[in-house]
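Coordinates for the following, if possible.
(chains A and B)
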Amino acid sequence: MRTLYYLLQKEFIQIYRNKTILRLIFVIPVVQLLILVNAATLEMKNIKLSVVNHDHSPLSNRLITGLDASPFFILDQPGESTFKAKEKIESGSADLVLVIPDDFESDVMAGKPVQAQLLANAVNSQQAQLGYSYIQRVLLDIVQDFHLELVGESPAKTINSTYSYWYNPELNYKHFMVPGILVVLVSVVGMFLSAMNLVREKEMGTIEQINVTPVRKTHFIVAKLLPFLAIGLFELGLGLAIGWIIYGVPMEGSLWLVFGIATLYLIGLLGLGLLLSTFSSSQQQVTFVSYFFLLVFILMSGIFTSVDNMPEWGQKVNLINPFYYFIDVMRAILLKGACLSDLWRQVISISVLAFSLFAFAVLNYRKTN
Amino acid sequence: MMTEQNQAEHVIEVKDMVKKYGDFLANDNLSFFVRRGEIFGFLGANGAGKTTAMKILCGLSAPTSGSVNVAGYDVKMHPEKVKRSIGYMSQKFSLYDDLTVFENIRLFGAIYRLPAKEIKKRSHDMLKELGLFEERNRLIGNLSLGWKQKLAFSVAVLHKPQIVFLDEPTSGVDPVTRRQFWEMIYEAAAEGITVFVTTHYLDEAEYCDRLTVMVDGRIEALGTPRKLKEQFECFTMNEVFLKLTRPKQ
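Below is the predicted model:
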């Protein structure tokens, strides 16, 4: 135990003397949370819409006003040439073009079916689809209102569904993103720092000096991981504070549970970082390999997209993706107030992954080649 | 009785040691012994297999076959027990650059399980002797190479090991420092520490009690410097070395 104490002392001194890493530890969470949470949004705002109005009736003007009032669209000057509007899509100055036909108002008044043409730039398919449904909704509302005023009743009895959004009533995308970004933050810091640290000793040649001593390898590895576990948890705390103060992310569940599971999770990721570094002989190699793992884990994890929409094999891959479980757990605890009894499956999975990765790392680190 | 005495006498015993990397034979059937308290030189051109052999003796690398006994233990079976009884210093300077002089001593002292008091006392004595006491709070990275090497050697013998392994300890340092370094080696030997040293400075070879010359993974000569010079009819170790290592015509 005494040896462990001195080894830990060594690691902490070395981290403390590495001013670049020290600065990064404080800067990364702030930058990630301030920038990424705002940038990584799926909310559709500011869709560039161009309207071609062939009708020039009160109804078509009302429709344009209605679209203009919507927060989703930036409307440019209505034109009359479909050809010009198409050019706008090609040049990128419009994402959507709505063509209102000649007899729009009179057809509505006559009760005939009305067709308005919508052209969408579907390079961003999500934006095109959402824009399409927004416009359809506005169109339907306005035509119905118009009908109501005209004849005093709706054209058809429609079923209206009422809704209430649970756990995130304002549909605040940021509340959804903050826990995810926090997971990325904690993971990047934990995995990269631990992976780089051991490889650095290999590059400097100091590892050989350690390997020729009677130091126990578990002591050596634990001393390597504990400081980064502490830094990871500190980052999590800092990130949670920023999320709470700036974005008002609710903290419905127990913070003890958050930190408890985060500890398990970090043991796994630090183990993975260490495992990768036992296979690598330079910082360049280990950075490259860690980057690969992080990217796959992050993109598969459901941080941006719903895991349920993934193909079945993708969901199977996620069974060994620690990010997937941890993001799930973080959102459930912070937004829903889930407790351990709701999350035991995820906790078991994280524990199994953590234990295996760590054990594999210890086994694969050899003092004798 | 007889064998026990022999083992005490021979602090390193190597028999038919072979190390292969794939098809490459790095150590080809090495057999030799080192007596307690001896300064044993290991000579050879670059790539002759000196470092490989030394790494096996230290338990850093496992031999492909053969028996290797160091400090009374089989290195293959008990590498960690061997490590407790030896000190090691490699050509690639290996104290921590981002720790101070004292922090390095404290770390390695603790790893060899010296009590805190003892670490303090020994580091005090050692630094006074080296004339580095005033520099004890300086980062190793800011010291000159000569100082680093001398300090690394002192740290390697801090726990008073039975054997200290030195892998080209004087490469790259100036002649004066090399001289001082060898004085330190003699002091350690006088305290009963067996010194196993590889070098390719042939003047240093003359300082050894006994030495071997390795060529292409094999031991080509073994004996005292004087015996080797007689055997190969040369005046200096330099000539012996060239005779052995020069490609045969």
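
Nearest spatial neighbour of residue A:275, chain-adjacent residues omitted?
Nearest residue to residue A:275, sequence neighbours excluded (C-beta to C-beta, 6 or more residues apart in numbering or on different chains): residue A:361, at 4.0 Å. Where C-beta positions appear, they are placed from N, C-alpha and C, glycine not excepted.

any idea how far the one you found lies from chain B?
Using C-beta to the nearest C-beta, to the nearest Å, one gets 19 Å for the distance from residue A:361 to chain B.

what's the neighbour count on that residue?
By other C-beta atoms under 10 Å in any protein chain shown, the residues close to residue A:361 number 24.

Mind telling me what element it is part of?
helix A:340-364 (DSSP states H and E).

tell me which residues in that helix are buried?
A:343, A:346, A:347, A:349, A:350, A:351, A:353, A:354, A:357, A:358, A:361, A:362 (16 or more other C-beta atoms under 10 Å in any protein chain shown).

Neighbours of the nearest residue to the third one once chain neighbours are set aside, how many?
With C-beta to C-beta, 6+ apart as the criterion, residue A:347 has its nearest non-adjacent residue at 6.1 Å, and that residue is residue A:261. Taking other C-beta under 10 Å as the neighbour definition, residue A:261 ends up with a count of 21.

do residue A:296 as well
13.

got it, and the one 4 residues further on?
Around residue A:300 sit 18 other residues, with neighbours defined as other C-beta under 10 Å.

show me where the chain has strands.
Going with chain A. A:47-53, A:73-75, A:96-100, A:117-120 (DSSP state E).

could you do chain B instead?
Applying DSSP E to chain B gives strands spanning B:10-21, B:24-35, B:39-44, B:65-70, B:73-74, B:86-89, B:163-167, B:194-199, B:210-215, B:218-223.

looking at the ones you listed, which is closest to residue A:87?
strand B:10-21 (67.7 Å; C-beta to C-beta).

Can you confirm whether the closest one lies near chain A?
No. Applying C-beta under 8 Å from any C-beta of the partner chain, one finds strand B:10-21 separated from chain A by no less than 10.3 Å.

tilt between that strand and strand B:39-44?
20 degrees (axes from the mean of the first three to the mean of the last three C-alpha atoms, to 10 degrees).

relative orientation of strand B:10-21 and strand B:24-35 in degrees?
Using the same axes, to 10 degrees: strand B:10-21 against strand B:24-35 is 180 degrees.

helices and strands around strand B:10-21, which ones?
strand B:24-35, helix B:50-57, strand B:65-70, strand B:194-199 (3 or more C-beta pairs under 8 Å, 6 or more residues apart in numbering or on different chains; DSSP states H and E).

ok, now with 7 Å
strand B:24-35, helix B:50-57, strand B:65-70 (3 or more C-beta pairs under 7 Å, 6 or more residues apart in numbering or on different chains; DSSP states H and E).

Get me the contact residues on chain B for chain A.
B:58-62, B:79-80, B:83-84, B:88, B:90, B:92, B:94, B:96, B:98-99, B:103, B:106-107, B:110-113 (C-beta under 7 Å from any C-beta of the partner chain).

can we see that at 6 Å?
B:58-62, B:79-80, B:83-84, B:88, B:90, B:92, B:94, B:96, B:98, B:107, B:110-111 (C-beta under 6 Å from any C-beta of the partner chain).

Of these, keep whichever come out buried.
Buried by 16+ other C-beta under 10 Å: B:58-61, B:79, B:83-84, B:88, B:90, B:94, B:96, B:98, B:107, B:110-111, out of the residues of chain B next to chain A.
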